[in-house]
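J.: here are the coordinates; sequence isn't available:
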Ligand code: PMP
């Protein structure tokens, strides 16, 4: 063991602890449902991205079991080296139809879809223009690219600020390609990107758009096809990213777009080129998840019923949900310590809901991020609300933003 490294690690961890940034995951001892067993107790789970309940859906789980019988458990290699299994191909064809695009390429996660695609489509004479609240995986993908992208150089626009975006686009005409990149649904606030305006501006200034629909997949649009479908922008968004890890219930990410984009990413998308494919049971489970999404409207209806009900219950009890428009429902607490204390007290009251504080969100804008899903019953949401009211009253705080 090298003392230089080991001591550095311990010191840095101590610093995280001092800054209240040190994370210890709780132990989940059951499937990721609406009510779970966690750290030895039963709690209502308000922190899962299992929007539609597909992570533990019987048809999806059965498809995975059947695939193990047929294919075994591993893909064996990177797809272009070991040969790409027909079940992976089938999943991509299904996703392309689902998204109404020419072609889809699957990566092993949404994160690697971003870090694989973004640098691959940019060169050093290009520029990337980003919303300031874009997800970490977009930011990392952008950092891997040779293009100009920095906030300090003026290429990051204020959150959903279309005047600012236009200003940057109008000054970026000297670049070879211009990419505008945004979350479709913002992961910490639950608001929706103004995609029609972004697309119109991109068209005006000869730019192309990439939208990260991780939190719109399975949530917005026809059968959950995402923001491009939600806003009827078919054919006008060059690159769409979807995740297979959240609403679709399994794991993975994909890039949806033209056939030539897929072709290029097969040749230049580094996580695709240098990392082993998903186990075949993952592809099989995802095909089953798509079957459910395309043929059974019930999970999406229940997701949105629960979402509306949860937001109404919170508002009726004086909580501020910070302009959220989707299932991602932040509950405003303000000060960092307040949200962190509330998280612990909520767990004691039988509710698991994570506090999100600086630096993930702005200082003084700490919140408890709640995620209603199709898996929650009326009783789950009633119990969760009771716990929120009790904790708020015990902390004796007003929770309207100052
Ligand atoms: N993009 C966004 C906006 C996300 O919220 C996430 C997940 N937190 C990802 C990408 C990464 O997706 P995955 O979990 O499939 O890696």
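T.: Yep, that arrived. A quick note: this is a predicted structure, and the numbers were derived from the prediction, not measured.
J.: Just the buried residues of the strand or helix carrying residue 281, please?
T.: Assigned by DSSP states H and E, residue 281 falls within helix 280-295. By neighbour count with 16 or more other C-beta atoms under 10 Å, helix 280-295 contains the buried residues 280-290, 292-293. Bear in mind the C-beta positions are built from the backbone N, C-alpha and C, glycine included.
J.: wait, doesn't residue 370 sit right on residue 311?
T.: No - the criterion here is C-beta atoms under 8 Å, and residue 370 misses it with residue 311 at 9.6 Å.
J.: Show me which of those two is the more surrounded one.
T.: residue 370 (28 against 20; other C-beta atoms under 10 Å).
J.: Can you get me a residue count around residue 393?
T.: With other C-beta under 10 Å as criterion, residue 393 counts 9.
J.: per-residue pLDDT, it?
T.: If you check residue 393, the pLDDT there is 93.
J.: helix, strand or coil for it?
T.: helix (DSSP: H, G, I helix; E, B strand; the rest coil).
J.: where does the residue of the stretch 301-402 of the chain at minimum distance from the ligand land on pLDDT?
T.: For the stretch 301-402 of the chain, the residue closest to the ligand is residue 328, as judged by C-beta to the nearest ligand atom, at 9.2 Å. Looking at residue 328, its pLDDT stands at 98.
J.: Check the one 4 residues further on too.
T.: Listed pLDDT for residue 332 reads 96.
J.: 32 is where my numbering starts, stick with that
T.: Okay, using 32 as the starting number, the last item reads as residue 363.
J.: Double-check that it belongs to a helix.
T.: No - counting by three-state DSSP, residue 363 is not part of a helix but strand.
J.: From what I see, it and residue 354 are in contact.
T.: No - under the criterion of C-beta under 8 Å, residue 363 makes no contact with residue 354, lying 10.1 Å away.
J.: So for those two, which sits in the more crowded spot?
T.: residue 363 (20 against 9).
J.: Now that one. Nearest residue, chain neighbours left out?
T.: Nearest non-adjacent residue to residue 363, counting by C-beta to C-beta, 6 or more residues apart in numbering: residue 351, 4.2 Å away.
J.: Go ahead and confirm the one you found touches residue 365.
T.: No - using C-beta under 8 Å, residue 351 is not in contact with residue 365; the gap is 9.5 Å.
J.: returning to that earlier point: any idea which element the residue nearest to residue 363 lies in?
T.: With DSSP H and E as the criterion, residue 351 is inside neither a helix nor a strand.
J.: Number of residues surrounding it?
T.: 18.
J.: same deal with residue 387?
T.: 21.
J.: Surely it and residue 400 touch.
T.: Yes - Residue 387 lies in contact with residue 400 (C-beta under 8 Å); the separation is 4.9 Å.
J.: circling back to that earlier point, over to the residue nearest to residue 363: give its phi and psi.
T.: phi -110, psi 120 (degrees, to the nearest 10).
J.: residue ranges of the strands in the chain, please?
T.: 66-69, 72-76, 134-138, 158-162, 187-188, 209-214, 239-243, 270-274, 284-288, 360-365, 382-383, 385-387, 397-401 (DSSP state E).
J.: low-scoring stretches of this structure, by residue?
T.: For the chain, applying pLDDT under 70 flags the ranges 429-433.
J.: Point me to the residue of it nearest the ligand.
T.: Closest residue of the chain to the ligand, C-beta to the nearest ligand atom: residue 141 (2.4 Å).
J.: Up against the ligand, what does the stretch 332-433 of the chain have?
T.: Counting by C-beta under 6 Å from any ligand atom, no position of the stretch 332-433 of the chain is adjacent to the ligand.
J.: which residue is nearest the middle of the chain?
T.: When C-alpha atoms, centre = their mean is applied to the chain, the residue found nearest the centroid is residue 245 (3.7 Å).
J.: how close does residue 32 sit to residue 45?
T.: Here residue 32 is placed at a distance of 18 Å from residue 45 (C-beta to C-beta, to the nearest Å).
J.: which one of these two has more residues nearby?
T.: Neighbour totals were compared for residue 32 and residue 45, and residue 45 leads with 11 against 5 (other C-beta under 10 Å).
J.: ok, the more buried one to residue 39 distance?
T.: Residue 45 sits 11 Å away from residue 39, going by C-beta to C-beta.
J.: same thing with residue 60?
T.: Distance from residue 60 to residue 39, by C-beta to C-beta: 34 Å.
J.: Please apply the same query to residue 137.
T.: Going from residue 137 to residue 39 by C-beta to C-beta gives 37 Å.
J.: Likewise for residue 127?
T.: Taking C-beta to C-beta, one finds residue 127 at 47 Å from residue 39.
J.: quick one: which of those two has more around it?
T.: Set residue 127 next to residue 39 and count neighbours by other C-beta under 10 Å: residue 127 wins out with 19 against 11.
J.: Touching both of residue 387 and residue 400, which residues are there?
T.: Common contacts of residue 387 and residue 400 (C-beta atoms under 8 Å, 6 or more residues apart in numbering): 219, 361.
J.: which residues in the stretch 132-281 of the chain form helices?
T.: 141-151, 167-174, 193-202, 226-235, 258-261 (DSSP state H, counting those that start in this stretch).
J.: Just the buried positions in the second one, please.
T.: Yep, that's helix 167-174 we're talking about. In helix 167-174, counting by 16+ other C-beta under 10 Å, buried: 168-170, 172-173.
J.: which parts of this protein sit against the ligand?
T.: So the chain meets the ligand at 140-142, 145, 166, 168, 214, 218, 243, 245-246, 274, 276, 284 (C-beta under 6 Å from any ligand atom).
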